[in-house]
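Student: with the sequence up front, the predicted model follows.
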Amino acid sequence: MPIFFKTILHFDIEMSGFLSCIAQIAFFLTTIFGGIIADKLIYQTKIKKIHVRHFFACFCLGLQSILLILIGYISYDWIAAILMIIAFGLYGVCTSTICANALDIAPNHSALVIGIAFTFSGVTGFIGPAVVGAITEIDNTLIQWRSVFWIAAGVQAAGLLQFLVFGSAEIQEWAKSADNSTETSSLIENSSRCKDRSK
C-alpha cells in the first residue's frame, strides 16, 4: 500500500504513512464492530449461523475485490486512496467470518485449524510482494498495478467462491470425540452444582 501511494498516487512519505495508518485504524474498527454485529445476528435473530458467515464473507471479499479492480482504473489520487483505505479496512470483517468459522466447525480444535489456515495464507506474505515486484519492476505504472489488483481480486473471489460452496457452520464429525463430550458434560454438571450451592 505505501508503495502504491508513493509511486502511483505521488503522495510524499508523510502522507503515505498517514494514509496507511488510517487504513490500519479502519481495519481495527471493522474487526471489532464486525464481530459484534455478527454475534447479534446469530444470537438475537433467527438467521442461521452459516448465512451470517456467508453474508460477511460476501461483504468483505466480494466488495473488496470490486474496489481493488476499480482502483486500477481511477486516475484521481484521493478517490483511489479512499477506496484503497476502505478495501483494506474491509479485511477486518473477515475476522467475524473466516477466523470465527474455525470455532463453528471445530470448537475443541479451533487453535489447530486456525494455525493450519494461517500457515497457508501466510504464504501470500512472500509470494505477493514477489509478484508485485515482478509486474511493476520495469515501469511501475498504473497499468501494471491494474494487473496486480486484478490478480488480488481474482484470488479473493476464488476464496470467496470456495467458502460459499464448501463452507459450513456445523461441528464436523472429525472434531467430535467421546472424550470431549464427556469433558463438556462434566463441566456443565460442575457449573450446575456451583449454581445450586450459591442458591
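Tutor: It's in. Residues are numbered from 1 along each chain as shown.
Student: what about the spatially most central residue of the chain, which helix or strand?
Tutor: Taking Cα atoms, centre = their mean, the centroid of the chain lies closest to residue 94, which sits 2.7 Å from it. Secondary structure assigned from DSSP states H and E places residue 94 in helix 91-94.
Student: who are the packing partners of that helix?
Tutor: helix 13-44, helix 49-57 (3 or more Cβ pairs under 8 Å, 6 or more residues apart in numbering; DSSP states H and E). Every C-beta, even on glycine, is put in place using the N, C-alpha and C of the backbone.
Student: helix or strand right after that helix?
Tutor: Remark: after helix 91-94, the chain's next helix or strand is helix 100-105, criterion DSSP H and E.
Student: I'd like the average pLDDT over that next one.
Tutor: Per-region confidence: helix 100-105 scores 87 on mean pLDDT.
Student: distance of residue 67 from residue 90?
Tutor: Look at residue 67 and residue 90: by Cβ to Cβ, to the nearest Å, they are 8 Å apart.
Student: ugh, typo on my part, it should be residue 82
Tutor: Residue 82 sits 13 Å away from residue 90, going by Cβ to Cβ.
Student: who has more neighbours out of those two?
Tutor: Shown here are residue 82 and residue 90; by other Cβ atoms under 10 Å, residue 90 has more neighbours (21 against 16).
Student: residues in contact with the spatially closest residue to the more buried one that is not a sequence neighbour?
Tutor: Excluding the flanking residues, the one nearest residue 90 by Cβ to Cβ, 6 or more residues apart in numbering is residue 64, at 4.7 Å. Neighbouring residues of residue 64 by Cβ atoms under 8 Å, 6 or more residues apart in numbering: 87, 90, 91, 153, 156.
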